[in-house]
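Student: kindly return the folded structure for what I paste below:
(3 chains)
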Amino acid sequence: MTRKLFLLLTFFLLASCNSEGNRPVMKIGYMICNSEKETMQRFLPLTRYLSEKAGVDFVAVPVDTQDFEKHFKTGEFAMAHSNSLIYIILKERYGLQLVASEKRGQFGSRTAGAIIARAGSGIAKLEDIRGKKMAFGPMMAPTGYLAEYDMMLRAGIDPERDLAYYSIPAGSYKHEKAIYGVLFGRFDVAAAPVLDLEVLTREGKISPDDFVVLAQSPIVPYCTFGAAKGTDPEVVKKVRQALLELKPADTVEVDGERLKVLKAAGIDGYEELLDSDYNPIRDMARRVNMPPYQKY
Amino acid sequence: MLKDAYDKILWSLLAVTLVALAVVLIGHRAAGSAIKDPAGPDKALEREMAYQARVEFINKLYAPVEALRHAEDPQGALFKLDELVRLYPNEAHGHILQGEILYGMGALDEALARYVEGVRLNGDYVDKKSPLSRRGEIQKVADEGLRVIGGRSRENPGNRSMAESLKNVNYLRSRLAGGCE
Amino acid sequence: MNLRDRHLWEVVAAGLALGALGVLLSIWGNPENSGICVSCFMENIAGALGLHDNPRLQYLRPELIGFVLGAALCSLAFREFHSRGGSAPLPRLAAGIFLMVGCGVFIGCPIKLFLRLAAGDLTSVAGVAGLVAGVWVGLKGLAKGVDLGPHSRERGGSGFLVPALFVLLLIFLVTRPSFIIFSDRGSAAQHADWPVSLGAGLILGGMSQRSRFCITGSVRDTMLMGFRSYMIFGAVAFFMAALVVNLASGRFHPGLYGQAGAHADHLWSFLGMGLVGWTSVLIGGCPFRQLVKAGEGDADAGLVVIGMFIGGALVQAWGISATAAGVPLAGKVALLLGFAFIMVTCLLFRERSA
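Tutor: This is a model prediction of the structure:
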């Protein structure tokens, strides 16, 4: 009798045991925001949190923006965290499903692209940027390149012809380098995501009095979580629910340390947008002749 | 109640006390403007002064934000406002201004959230007669919210974010409708 | 139902007047759907007396003054004024506090409950269900022997104290001394002219004193006696009068959302009114009825009224009161403590048969 009870108890323990070693393993591709180190610091706690909630061992894989599509199409990733332009490319070409949109800053899950100049530089309106030196963010940045390029074209300014030149800073932290480039006089104007301006202002690294916003695009969605087409719908549902229910007080253990998930990621939460909310970016990409609508 | 000497004494003393009370009240009233009661509180005046001082302080504090708005630099105004809201998170005016600017920039959901925060902190913004009243603007945002977000919410019944935004719309509608708050 | 019975018509008349004036006072300046609300007005008076510092809720509501003085004058005229009391005074004081907690969590007293319903506010349906449930539970308690004890005729005129207090409040209302606060914004700044409010209060106080009309009483009597009780007709007359005036004045807006002074926490609305219903049965009447009885010389009801003043101050000072945003944690805790109090009271005041 005792033996039977022991066997029964062992059976139940094993049946309910869902230790990390027994769970399915899936990869989440994280588009590198500023640098690989910064991206992992921000999103490793979130990855662990999602693992706990979804009952899956998620592995965070940082990927450079330019290489994201290449990695994604090999089927390496079950989920992808990327900017909204990359989301659209993956959706149109590989059927990526929208899971949740990341809230950060004053516009929630949206932000805008701005063209800025240094205060007191004499450049007061968009027309004044003709013949000037300009810094852009990376080409696949919806609010660091695409939105600004689009604004300029719509204002009748051709970045390829009407500027002295434009450049994209090398290495990591491209958006910050573009902004600092203007403030320290290396460039006359820069394409700056409003979100980055907000974050740098909050961190006290720049002051709003130091620059002028010459033009600003309409607000568009930004960082997005998506699920690859073949990913288990149950897992997708759990991940979506976990993201939408994330609260500032939620914590997760990473390397023996208890961390607040949202605080570590530097974000305010997630919300459910519709795919149609991304149409303004699609329209911009068409006008600027960028992927996935690029015509050669 | 007039049985014996003790009753009579009590009645007499009561009459004297009531007469004294009347004399004190009438005498004070007659003296009126000539003699101010230094010990008497004038809570109404103090409150009014404190309120006016607060309105002045708010106008002064947020003047740079208003200046940027008038200069048609809403994003600059938002950056400035962000600093102020972090310094004074429980001051409703900052949230209301954020709501106004965000609404003007097309961020309806975020504008609603800011308005809700502002009205929760201080209901004067939905009062008809308050010097801080933003009733008209808030009504407009709530009406648009009901139309736009209500419509999207009906088309997407499971969408939690839209449901949250709709809650904000309904909260503002409820505050605008009145009640004991 | 005996149509020749004068008492029936007194009850119906009181109901009609309460319903009609309840809406008309809103039209004349009182807050929306709060033409008459004993709990909200208690909070206003507590604020005016400086018992809490919410600057939007400080005003000496003449309606409540009218209820007590109207009942006093009417009872004196008809020789029904009797000083009485002595039945569990402190529990009644505490009951008054918790009545305000229950009303604060719902955002309204039983009168406002039906005024809201008559304006199309469907969030009050949960409150109606709660009130009925609370009355039912209270009746079960009474049937099982819960009894706060009889009151007795009291010597010395203690029954005059509460009416005297309200006379003082009337003097304050008229003379406006500087230590009494009158809000210049918020819902307390929304009021009908004070003579109109006072007149309405006096009429309703007198009519309710004569008819013994009470909202929870009508629910209670209907449960006990069905249509043999006249109170149900008073309640129906009240609701219909309010509904008709709302419809005629374009103030009927059916729906769950966007209602004035309402929240969507239906469970807590149910529980709030449940507490009010249960407590009202034990102490012999809803908040409105307590004011009327206090006017008649009932010192026990007078203590409930004092408890309601204290409760009105606390729900504001301690953040217990619900708002359109919902029920705060303090409100939920206070409500549950209220239930605990009423359950302990039932246990302690129960006559158990051997």
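Student: what helix or strand is residue C:69 located in?
Tutor: Secondary structure assigned from DSSP states H and E places residue C:69 in helix C:62-77.
Student: tell me where chain B has helices.
Tutor: Listed in chain order, the helices of chain B (DSSP state H) span B:5-31, B:43-61, B:63-70, B:74-87, B:92-104, B:108-121, B:135-155, B:160-177.
Student: check chain A too.
Tutor: Along chain A, the stretches classed as helices by DSSP H are A:2-16, A:36-54, A:68-73, A:84-94, A:147-154, A:174-183, A:194-202, A:233-245, A:261-265, A:279-288.
Student: quick one, which of these gets closest to residue C:76.
Tutor: With respect to residue C:76, and counting by Cβ to Cβ, the nearest of the helices of chain A is helix A:233-245 at 62.9 Å. The way it works is simple: take the backbone N, C-alpha and C, and place the C-beta from them, glycine included.
Student: any idea how far stretch A:32-47 is from the chain center?
Tutor: Shown here is stretch A:32-47, whose average C-alpha point lies 11 Å from the average C-alpha point of the whole chain (Cα atoms, centre = their mean, to the nearest Å).
Student: ignore what I typed, I meant stretch A:256-271.
Tutor: Its chain's average C-alpha position is 15 Å from that of stretch A:256-271, according to Cα atoms, centre = their mean.
Student: got it, and stretch B:137-144?
Tutor: Stretch B:137-144 has its average C-alpha position 18 Å from the chain's average C-alpha position, going by Cα atoms, centre = their mean.
Student: how far away is the residue nearest the centre of chain B from residue C:72?
Tutor: Most central in chain B under Cα atoms, centre = their mean is residue B:124, positioned 2.8 Å from the mean C-alpha point. Taking Cβ to Cβ, to the nearest Å as the measure, residue B:124 and residue C:72 are separated by 38 Å.
Student: contact residues of the stretch 101-250 of chain C facing chain B?
Tutor: Contact residues of the stretch 101-250 of chain C with respect to chain B, defined by Cβ under 8 Å from any Cβ of the partner chain, are listed as C:107, C:108, C:178, C:179, C:181, C:182, C:184, C:185, C:186, C:187, C:189, C:190.
Student: may I see the ChimeraX selection of the buried members of the residues you listed?
Tutor: When burial is assessed using 16 or more other Cβ atoms under 10 Å in any protein chain shown, the buried subset of those is captured in ChimeraX by this command:
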select /C:107,108,181,182,184,185,186,187,189,190
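Student: picking up where we left off before, skipping its backbone neighbours, what lies nearest the residue nearest to the centre of chain B in space?
Tutor: Nearest in space to residue B:124, with sequence neighbours left out and distances taken as Cβ to Cβ, 6 or more residues apart in numbering or on different chains, is residue B:130 at 4.0 Å.
Student: from residue B:54, how far out is the one you found?
Tutor: Residue B:130 sits 12 Å away from residue B:54, taking Cβ to Cβ as the criterion.
Student: ok, these two, which is more surrounded?
Tutor: Counted by other Cβ atoms under 10 Å in any protein chain shown, residue B:130 and residue B:54 do not tie: residue B:130 has more neighbours, with 20 against 13.
Student: lowest average pLDDT across the helices of chain A?
Tutor: Set side by side, the helices of chain A show their lowest mean pLDDT on helix A:2-16, which sits at a mean of 66.
Student: quick revisit: nearest to residue C:243, out of the helices of chain A?
Tutor: The closest of these to residue C:243 is helix A:233-245. By Cβ to Cβ, the value is 41.7 Å.
Student: could you dump the closest one to PDB, C-alpha only?
Tutor: The C-alpha atoms that make up helix A:233-245 are tabulated as PDB, following Å, rounded to 0.1, in the frame of the first residue of the first chain:
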ATOM      1  CA  PRO A 233      -1.400  29.600 -31.700                       C
ATOM      2  CA  GLU A 234      -1.700  28.700 -28.000                       C
ATOM      3  CA  VAL A 235       1.800  30.100 -27.300                       C
ATOM      4  CA  VAL A 236       1.000  33.200 -29.300                       C
ATOM      5  CA  LYS A 237      -2.100  33.700 -27.300                       C
ATOM      6  CA  LYS A 238      -0.300  33.300 -24.000                       C
ATOM      7  CA  VAL A 239       2.500  35.700 -25.100                       C
ATOM      8  CA  ARG A 240      -0.100  38.300 -26.200                       C
ATOM      9  CA  GLN A 241      -2.000  38.000 -22.900                       C
ATOM     10  CA  ALA A 242       1.300  38.100 -20.900                       C
ATOM     11  CA  LEU A 243       2.400  41.300 -22.700                       C
ATOM     12  CA  LEU A 244      -0.900  43.000 -22.400                       C
ATOM     13  CA  GLU A 245      -1.300  42.200 -18.800                       C
END
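Student: how far off centre is that helix?
Tutor: 18 Å.
Student: packing partners for that helix?
Tutor: Contact partners of helix A:233-245 among helices and strands, from 3 or more Cβ pairs under 8 Å, 6 or more residues apart in numbering or on different chains; DSSP states H and E: helix A:36-54, strand A:97-103, strand A:224-227, strand A:269-271.
Student: ok, the helix holding residue C:69 near chain B or not?
Tutor: No - for helix C:62-77 and chain B, the contact criterion (Cβ under 8 Å from any Cβ) is not met; the two come no nearer than 13.1 Å.
Student: now that helix: buried residues?
Tutor: Applying a neighbour-count criterion of 16+ other Cβ under 10 Å, the buried positions in helix C:62-77 are C:62-75.
Student: what's the closest of the residues you listed to chain A?
Tutor: Compare each of the buried residues of helix C:62-77 with chain A using Cβ to the nearest Cβ and the shortest gap goes to residue C:64, at 43.0 Å.
Student: up against chain C, what does chain A have?
Tutor: Listed as neighbours of chain C in chain A under the rule Cβ under 8 Å from any Cβ: no residues.
Student: quick check: domain ranges of chain A?
Tutor: Taking automatic domain parsing as the domain assignment, the ranges for chain A are A:22-106+A:222-288, A:113-217.
Student: can you list these in CSV and add mean neighbour count and distance to residue C:93?
Tutor: Listed next are these as CSV, based on neighbours: other Cβ atoms under 10 Å in any protein chain shown; distance: least, Cβ to Cβ, whole Å:
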stretch, mean neighbour count, distance to residue C:93
domain A:22-106+A:222-288, 19, 40
domain A:113-217, 19, 52
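Student: same list (the ones you listed) but as JSON lines, adding distance to residue C:242.
Tutor: As requested, the domains of chain A are arranged in JSON lines below (distance: least, Cβ to Cβ, whole Å):
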{"stretch": "domain A:22-106+A:222-288", "distance to residue C:242": "42"}
{"stretch": "domain A:113-217", "distance to residue C:242": "51"}
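Student: in chain B, what residue is nearest chain C?
Tutor: residue B:179 (2.1 Å).
Student: which SS class is the closest residue to that residue other than its chain neighbours?
Tutor: On the basis of Cβ to Cβ, 6+ apart, the spatially nearest residue to residue B:179 that is not a chain neighbour turns out to be residue C:261, at 2.1 Å. Classification of residue C:261 by DSSP: H, G, I helix; E, B strand; the rest coil places it in coil.
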